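Enquirer: Got a sequence here, can you model it:
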Amino acid sequence: MASTDVTRLDGQAALVTGASSGIGRASAMALAEAGAAVAVNYLGSPDDADAVVAEIEKNGGRAVAVKGDVSKEDDVIGMFVAAEKALGPLDIVMSNAGIQKDAKIGDMTLDDWNAVIGVNLTGGFLVGREAIRHFRSKGRRPDVSRALGKLVFDASVHQVIPWAFHVNYAASKGGIHVLMQSLAQEVAQEGIRVNSVAPGAIATAINAEERKTHEAEMLKLIPYGRVGDPIDIGRVVSWLVSDAADYIVGQTIFADGGMTLYPGFRGNG
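Expert: Residues are numbered from 1 along each chain as shown. Below you'll find the predicted structure:
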């Protein structure tokens, strides 16, 4: 008998890019916990991705590691083919892979700019385009999901909060925001739901050194009083692609402990 829990993802297949660590790993784990089979995308050594796959399988789920560089068209096309060969038609895609190359504007090189835009924004375009193509090819499966497909982008609070000394990253996330909305406007009538999750400060390897030396300063920017954990984002993603969120289209869910409330203005209005 099918589950009546609309947060479950049983019978569905998902692809998460950049899923060997951090937010991507947590999202892959949360999707698997909800019942989805998960393709774990990685770039570089397969060890971390294989560890994610092994943990999902240990918990009774299905998973496969899929290598690919999201900034390269052929790699993105190939990862979708490999994911569907292993798991069947994809119902869920999370475009998560991202990088930072921070510098003052006077010191930022064109290579720094292009690298971040290439992975974060062009990668989002390529993954989003392939997701929509594959959702259309798959067709509807009303026995497992009300939507034809669910596409989620990993955005950032910096799609709305300017970020000096990180202009390439902030620009890429601002671009992801309008990319998401434009895709949602284009394909919603087909039954494809496109949304974003926007993390605030999350405890990942990318900010480990900063947290070690400046966590007290970081916490001043977070009204809720703690740095987020990757699973805080993973749980939002899992819910957002479930039928529990079926009427949510073209939206950004901010999971930031209140950072976008601009706490520096508290008492200073």
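Enquirer: in the helix or strand where Glu130 lies, what's buried?
Expert: Assigned by DSSP states H and E, Glu130 falls within helix 123-138. By neighbour count on 16 or more other CB atoms under 10 Å, the buried set for helix 123-138 is 123-128, 130-132, 134-135, 138. Any C-beta I mention is one placed from the backbone N, CA and C, and that applies to glycine too.
Enquirer: which residues of the protein fall in helices?
Expert: Listed in chain order, the helices of the chain (DSSP state H) span 22-33, 47-58, 73-87, 110-116, 123-138, 167-187, 208-219, 230-240.
Enquirer: Give me the helices and strands touching the fifth one, please.
Expert: Read that as helix 123-138. helix 73-87, strand 92-95, strand 149-154, helix 167-187, strand 192-199 (3 or more CB pairs under 8 Å, 6 or more residues apart in numbering; DSSP states H and E).
Enquirer: and these, which is most packed in?
Expert: Across those, averaging neighbours per residue (mean count of other CB atoms under 10 Å) puts strand 92-95 on top, at a mean of 30.
Enquirer: Any stretches of the stretch 101-250 of the chain with poor pLDDT?
Expert: Across the stretch 101-250 of the chain, the ranges flagged by pLDDT under 70 are 208, 211.
Enquirer: how far out from the middle of the chain is the helix holding Glu130?
Expert: A distance of 14 Å separates the centroid of the chain from that of helix 123-138, by CA atoms, centre = their mean, to the nearest Å.
Enquirer: and what of stretch 165-182?
Expert: Counting by CA atoms, centre = their mean, stretch 165-182 comes out at 14 Å from the chain centroid.
Enquirer: For that stretch, C-alpha coordinates in CSV please.
Expert: Taking Å, rounded to 0.1, in the frame of the first residue of the first chain, the C-alpha atoms of stretch 165-182 are listed here in CSV:
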residue,chain,number,x,y,z
PHE,A,165,35.2,41.3,-1.4
HIS,A,166,33.1,38.4,-2.8
VAL,A,167,31.6,40.1,-5.9
ASN,A,168,31.9,37.1,-8.2
TYR,A,169,30.1,34.8,-5.7
ALA,A,170,27.4,37.4,-4.9
ALA,A,171,26.8,38.0,-8.6
SER,A,172,26.5,34.3,-9.3
LYS,A,173,23.9,33.9,-6.6
GLY,A,174,21.9,36.9,-7.7
GLY,A,175,21.9,35.4,-11.2
ILE,A,176,20.7,32.0,-9.8
HIS,A,177,17.8,33.8,-8.2
VAL,A,178,16.5,35.3,-11.5
LEU,A,179,17.4,32.1,-13.4
MET,A,180,15.2,30.1,-11.0
GLN,A,181,12.3,32.5,-11.3
SER,A,182,12.5,32.7,-15.1
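Enquirer: ok so, going back, wait, which of the helices of the chain is closest to Ala255?
Expert: helix 230-240 (5.1 Å; CB to CB).
Enquirer: I'd like to know which of the helices of the chain is closest to Lys150.
Expert: Among the helices of the chain, the nearest to Lys150 by CB to CB is helix 230-240 (7.5 Å).
Enquirer: Relative to the whole chain's centre, how far out is that closest one?
Expert: Centre-to-centre, helix 230-240 and its host chain are 9 Å apart (CA atoms, centre = their mean).
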